[in-house]
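S.K.: Generate a structure from the sequence data that follows.
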Amino acid sequence: MERAPLYDNWWVPDVAAVIAKGLDSSVGCVIASLTADINFTKLIIAVSYLQNPDVLFLGTNTDSMLPIGKGCFAPGDGAFVAAVEAGACRTPPILGKPEKYMFEVIRACLLYTSDAADE
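M.R.: The predicted structure follows:
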């Protein structure tokens, strides 16, 4: 996947045109998660994709911060999910802790596997 272009003057209309031209109509899902590689351009891209109601929006977890040692803290996954959620005006299902969704999927897969083995 090609990296998103970075722009110092993201508010310039020409920049919006460049970003819009680079949007891929085959994108079907945006996953919001922790990243050290965040920038405003990437938020614009994520929020733009999520204007299409057919694009699935998923979040990894809602941890707002992470202790990184020596009394320092970093924004957690939830901070990044919240940024995209606020910009897109959409609320994603959360796949990881503390939600039960992933456990339900794993359980269903295990039950399916178990049922298939019984046949």
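S.K.: Quick check: buried residues in the host helix or strand of Ala79?
M.R.: Counting by DSSP states H and E, the element that carries Ala79 is helix 77-88. Along helix 77-88, these residues count as buried under the neighbour rule (16 or more other Cβ atoms under 10 Å): 77-85, 88. In short, each C-beta sits where N, CA and C put it, glycine included.
S.K.: Can you tell me what sits against it?
M.R.: Applying Cβ atoms under 8 Å, 6 or more residues apart in numbering, the external contacts of helix 77-88 come out as 30, 32-35, 38, 43, 46-47, 50-51, 57, 59-65, 91-92, 94, 96.
S.K.: What subset of the residues you listed is buried?
M.R.: The neighbour-count test (16+ other Cβ under 10 Å) applied to those identifies 30, 32-34, 43, 46-47, 50, 57, 59-63, 92, 94, 96 as buried.
S.K.: ok, the spatially most central residue of the chain - contacts?
M.R.: Centroid-nearest residue in the chain, with Cα atoms, centre = their mean: Ala32, separated by 1.5 Å. Residues in contact with Ala32, defined by Cβ under 8 Å, 6+ apart, are 46, 57-60, 77, 80-81, 83-85, 92.
S.K.: Could I get the pLDDT score of it?
M.R.: What the model reports for Ala32 is a pLDDT of 96.
S.K.: likewise the one 3 residues further on?
M.R.: Among the per-residue scores, Thr35 holds a pLDDT of 89.
S.K.: which SSE is it in?
M.R.: Since the elements are taken from DSSP H and E, Thr35 ends up inside neither a helix nor a strand.
S.K.: and it, what does it touch?
M.R.: Phe80.
S.K.: That one and Ala74: what is the separation?
M.R.: With distances defined as Cβ to Cβ, to the nearest Å, the gap from Thr35 to Ala74 amounts to 11 Å.
S.K.: can you give me the offset of stretch 70-88 from its chain's centre?
M.R.: 11 Å (Cα atoms, centre = their mean, to the nearest Å).
S.K.: that older thread, output the helix holding Ala79 in CSV with nothing but the alpha carbons.
M.R.: Extracted C-alpha coordinates of helix 77-88, given in CSV (Å, rounded to 0.1, in the frame of the first residue of the first chain):
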residue,chain,number,x,y,z
ASP,A,77,-5.6,2.8,20.9
GLY,A,78,-8.8,4.4,22.2
ALA,A,79,-7.3,7.9,21.6
PHE,A,80,-6.8,7.1,17.9
VAL,A,81,-10.2,5.4,17.6
ALA,A,82,-11.8,8.5,19.2
ALA,A,83,-10.1,10.8,16.7
VAL,A,84,-11.4,8.9,13.7
GLU,A,85,-14.8,8.4,15.3
ALA,A,86,-15.2,12.1,16.0
GLY,A,87,-14.2,13.1,12.5
ALA,A,88,-16.3,10.5,10.7
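S.K.: I am finished for the moment; much appreciated.
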